[in-house]
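> Whatever this is, show me its structure:
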Amino acid sequence: MERNQTSVTEFILLGFPLNTRTQMLLFGLFSLFYVLTLLGNGVILGLISLDSRLHTPMYFFLSHLAIVDMAYACSTVPQMLVNLLSPAKPIPFAGCITQTFLFLSFAHTECLLLVVMSYDRYVAICHPLRYLVIMSWRVCITLTVTSWVFGVLLALVHLVLLLPLPFCGPHQINHFFCEIIAVLKLACADTHINETMVLAGAVSVLVGPFSLIVVSYIRILCAILKIRSGEGRQKAFSTCSSHLCVFGLFYGTAIIMYVGPQYGHSKEGKKYLLLFHSLFNPMLNPLIYSLRNKEVKAALKRMLDKERS
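Below is the predicted model of the structure:
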């Protein structure tokens, strides 16, 4: 019976209901942001790979964050650019479901990586003498692999619950990519379990990790305030400020979108907030880490000097 109902084989992403001239302007602007995202994160990744001074646990986690940010942007932005050029061009059902799965996988992984990075900073500030023992390479690799595996598994749960749903029309998704809540609205069946799992998943990878990060930074702040020298306090805080900025941007927008009210007048606003979350966050992360981190700037300077010589 469900097979007879599942007649939709493709979807049309409504994206942004704007005139042609504005869409062309946005296409150019978003293309620039997309290139900057790939370039910025690629530079961070290259510096960490090539500069032996950055072969530390902190930058090991940062390199994986750069990979996730590039993959995160690649899972949504290209389709959005296609829609701006050809608004009526459909996306196949399989392509839409794949995009949903990839977006959730990378989003979950980034959430967990930020928790791991906060733990790394906690150990570095609160237990500096035991840092290399606690954050051994074995521990770092285990934490990173765990973040990737859990990120993919959590997304796989949503995919397993989404695939059996019948889609019999309409086939227009009110979004610029196949976001899971927007896709569920088109299902011709009760999606209560799916929506409950989305909320439960958001709580498990957003609210729980958010609380852990806040507790970590409260203890870090207490440890920094106990440092007697002003130079020592400044150095300790500078190693955490970049992560705090990235943490605030990512978790702030994500919690509003998936833990806040799902219905009401804010629906359109959340679509634009997700645009910021999926396009601007990955672009800003390398800028935050490079502009606020002396070691990254020094590594970039050494690399440029080496190229000139």
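> In the stretch 201-309 of the chain, where is pLDDT below threshold?
232, 236, 239, 260-269, 291-292, 309 (pLDDT under 70).
> Show me the helices in the chain, by range?
2-5, 20-50, 57-74, 77-85, 93-126, 131-134, 137-162, 180-184, 192-202, 208-225, 230-258, 267-275, 281-291, 294-308 (DSSP state H).
> How many residues are close by Leu304?
Using other Cβ atoms under 10 Å, Leu304 is surrounded by 10 other residues. Bear in mind the C-beta positions are built from the backbone N, C-alpha and C, glycine included.
> Then the one 4 residues further on?
The burial metric for Arg308, expressed as a neighbour count using other Cβ under 10 Å, is 6.
> Give me the phi and psi for the closest residue to Val82 other than its chain neighbours.
By the measure of Cβ to Cβ, 6 or more residues apart in numbering, the closest residue to Val82 outside its immediate chain neighbours is Lys89, 6.3 Å from it. Phi and psi for Lys89, reported as degrees, to the nearest 10, are phi -70, psi 120.
> Touching, Lys89 and Leu81? I think so.
No. Lys89 is beyond contact range of Leu81, at 11.4 Å (criterion: Cβ atoms under 8 Å).
> Which one of these two is surrounded by more residues?
Applying other Cβ under 10 Å to Lys89 and Leu81 shows that Leu81 carries more neighbours, namely 16 against 12.
> list the contacts for that one?
By Cβ atoms under 8 Å, 6 or more residues apart in numbering, Leu81 lies in contact with Phe27, Phe30, Ser31, Tyr34.
> Could you point out the longest strand of the protein?
strand 10-13 (DSSP state E).
> State the paired neighbours of that strand in the sheet, together with their directions.
Its sheet considered, strand 10-13 pairs with strand 91-92 (antiparallel), strand 172-173 (parallel) by DSSP bridges.
> quick revisit: among the contacts of Leu81, which ones are buried?
Phe27, Phe30, Tyr34 (16 or more other Cβ atoms under 10 Å).
> could the residues you listed be laid out in CSV, adding distance to Leu206 and pLDDT?
Below are the buried ones among the contacts of Leu81 laid out as CSV (distance: Cβ to Cβ, whole Å; pLDDT from 0 to 100):
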residue, distance to Leu206, pLDDT
Phe27, 31, 91
Phe30, 26, 91
Tyr34, 25, 93
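> could the residues you listed be laid out in a markdown table, adding distance to Thr191?
Shown next, in a markdown table, are the buried ones among the contacts of Leu81 (distance: Cβ to Cβ, whole Å):
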| residue | distance to Thr191 |
| --- | --- |
| Phe27 | 33 |
| Phe30 | 30 |
| Tyr34 | 32 |
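> Out of the residues you listed, flag the one nearest to Pro286.
Tyr34 (13.4 Å; Cβ to Cβ).
> residues contacting the closest one?
Neighbour list for Tyr34: Ala73, Val77, Pro78, Leu81, Leu279 [criterion: Cβ under 8 Å, 6+ apart].
> neighbours around the third one, how many?
In this case it means Pro78. Burial of Pro78 is recorded as 14 neighbouring residues (other Cβ under 10 Å).
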